[in-house]
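**Student:** fold the following.
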Amino acid sequence: MSRSTKKFILKSRPSGEVSSENFELVEERLPDVETGHLLIKTHYLSVDPYMRNRMNNVESYVSPFEVGSALSGDGIGEVIATESLNFEIGDIVVGTLPWQQFALIDEKKVEKIQLEETISPTAYLSVLGLTGLTAYFGLLDIGEPKTGETVVISAAAGAVGSVAGQIAKIKECKTIGIAGGEEKCHYLIKNLQFNEAIDYKSTPNIRKPLRKLCPERVDVYFDNVGGDLSDAVFYMLNNHARIVLCGQIALYNLNRLSIGPRMYPQFLVRRVRMQGFIVYDYAAQFSEARNQLKQWVLDKKIKYDENIIEGFEKLPEAFLGLFKGENIGKQLVKV
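**Tutor:** I've put the predicted structure just below:
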């Protein structure tokens, strides 16, 4: 028996800053469930900065969204009909889901969640999902933090940054977060036990507080932002520093590439290593990393917060809020 669903499609590709005009809410009737497929009732959808690049018609590590088709991202849903021997009605699954209330999904595209009393299912979209895995592999594999080193993290109160900073603390590093606003900085120090935090909104030149807080300079920079903020951190890099190039949210809405200060001489003199990465490169290690993250959560070494907005129709609003810095922790929509 087929049913209808509401969904958000990409109405038009944004030029510069994305707006609500680029989305359109439509309704369609779904076909019957075919062999090897599931009918999923969506419970939660994640909105993430990388989706902005998918709205452009450019080649990347993941294909762009198609105009006229549903957007998609990580989500959690419930199986309400199945033509698969591997899933039963009532199973809770996580995977890439379209921005729809109901969706037909290939069984190979999702996996069951093992529910636990002490951990919310939404953790599989945050600390135990791609967010936590990105922080885990980025910091540990590329950043290679060592006891006593200084780690600086931009967008530190965001989904990835907050987890990366806590892993740095587990590795006994001096951890400094850069975030926008007094509330977020207070959160980093009081809730997540960062050593220090810098409010870039009230500190136009963050090089001054960095000099004060990093007398021995910066050993690892976990870069979620890019732009002028990262240029300022680059001046404080130590010999043999490592830059984890995770995100560039400050640049995603630009019409053309921003060219900042030429930092290569600084990188040369300091023998700096900068490396970008895509979390899917580590897919074979996801299970091991997720088990470690789960143990840290159970041991209360990692805390995670989720900014949950209720209502399917709020998806575009939640997405746009990422670029205004409205969220602390993971931005989710409860469908």
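**Student:** quick one: low-confidence ranges for the chain?
**Tutor:** Judged by pLDDT under 70, the chain has its weakly predicted residues at 1-2, 249-262.
**Student:** where do the helices sit along it?
**Tutor:** Ranges of helices in the chain, per DSSP state H, are 51-54, 130-137, 159-170, 182-190, 207-213, 227-234, 264-270, 286-298, 315-322.
**Student:** make TSV from those and add mean neighbour count and distance to residue 120 to it.
**Tutor:** Placement of C-beta: from N, CA and C, glycine included. Shown next, in TSV, are these (neighbours: other C-beta atoms under 10 Å; distance: least, C-beta to C-beta, whole Å):
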stretch	mean neighbour count	distance to residue 120
helix 51-54	18	23
helix 130-137	26	13
helix 159-170	27	15
helix 182-190	17	19
helix 207-213	15	34
helix 227-234	19	32
helix 264-270	12	41
helix 286-298	16	10
helix 315-322	20	18
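**Student:** what residues are up against residue 43?
**Tutor:** Going by C-beta atoms under 8 Å, 6 or more residues apart in numbering, residue 43 touches 75-78, 92, 121, 334-335.
**Student:** number of nearby residues for the nearest residue to it once chain neighbours are set aside?
**Tutor:** Nearest non-adjacent residue to residue 43, counting by C-beta to C-beta, 6 or more residues apart in numbering: residue 76, 5.0 Å away. The number of residues packed near residue 76 is 26, by other C-beta atoms under 10 Å.
**Student:** please flag which of the contacts of residue 43 sit within strands.
**Tutor:** 75-78, 92, 334 (DSSP state E).
**Student:** about what we covered before: identify, from the contacts of residue 43, the entry nearest to residue 21.
**Tutor:** Nearest to residue 21 among the contacts of residue 43: residue 335, at 22.4 Å, using C-beta to C-beta.
**Student:** just the buried ones from the ones in strands among the contacts of residue 43?
**Tutor:** Buried subset of the ones in strands among the contacts of residue 43 (neighbour count, 16 or more other C-beta atoms under 10 Å): 75-77, 92, 334.
**Student:** residue 213 contacts residue 197, doesn't it?
**Tutor:** No. Using C-beta atoms under 8 Å, residue 213 is not in contact with residue 197, being 9.4 Å away.
**Student:** please enumerate the shared neighbours of these two.
**Tutor:** residue 176.
**Student:** residue 277 and residue 189: what is the separation?
**Tutor:** Relative to residue 189, residue 277 is positioned 28 Å away (C-beta to C-beta, to the nearest Å).
**Student:** likewise for residue 282?
**Tutor:** Distance from residue 282 to residue 189, by C-beta to C-beta: 30 Å.
**Student:** residue 127 now?
**Tutor:** Relative to residue 189, residue 127 is positioned 20 Å away (C-beta to C-beta).
**Student:** which residues does the residue nearest the centre of the chain contact?
**Tutor:** Nearest to the geometric centre of the chain sits residue 131, at 4.6 Å (C-alpha atoms, centre = their mean). Going by C-beta under 8 Å, 6+ apart, residue 131 touches 46, 48, 125, 159-160, 163, 330.
**Student:** any figure for the gap between residue 181 and residue 327?
**Tutor:** In terms of C-beta to C-beta, residue 181 sits 12 Å off from residue 327.
**Student:** neighbour-wise, which of these two wins?
**Tutor:** Ranked by neighbour count (other C-beta under 10 Å), residue 181 and residue 327 place residue 327 first, with 21 against 15.
**Student:** got the contact list for that one?
**Tutor:** 158-159, 307, 321.
**Student:** could you check how many residues crowd around residue 335?
**Tutor:** Residues lying near residue 335 (other C-beta under 10 Å) number 23.
**Student:** how close does it get to residue 8?
**Tutor:** Distance from residue 335 to residue 8, by C-beta to C-beta: 11 Å.
**Student:** next: residue 323.
**Tutor:** Distance, residue 323 to residue 8, by C-beta to C-beta: 17 Å.
**Student:** more crowded one of these two?
**Tutor:** Between residue 323 and residue 8, counted using other C-beta under 10 Å, the more crowded position is residue 8 (21 against 15).
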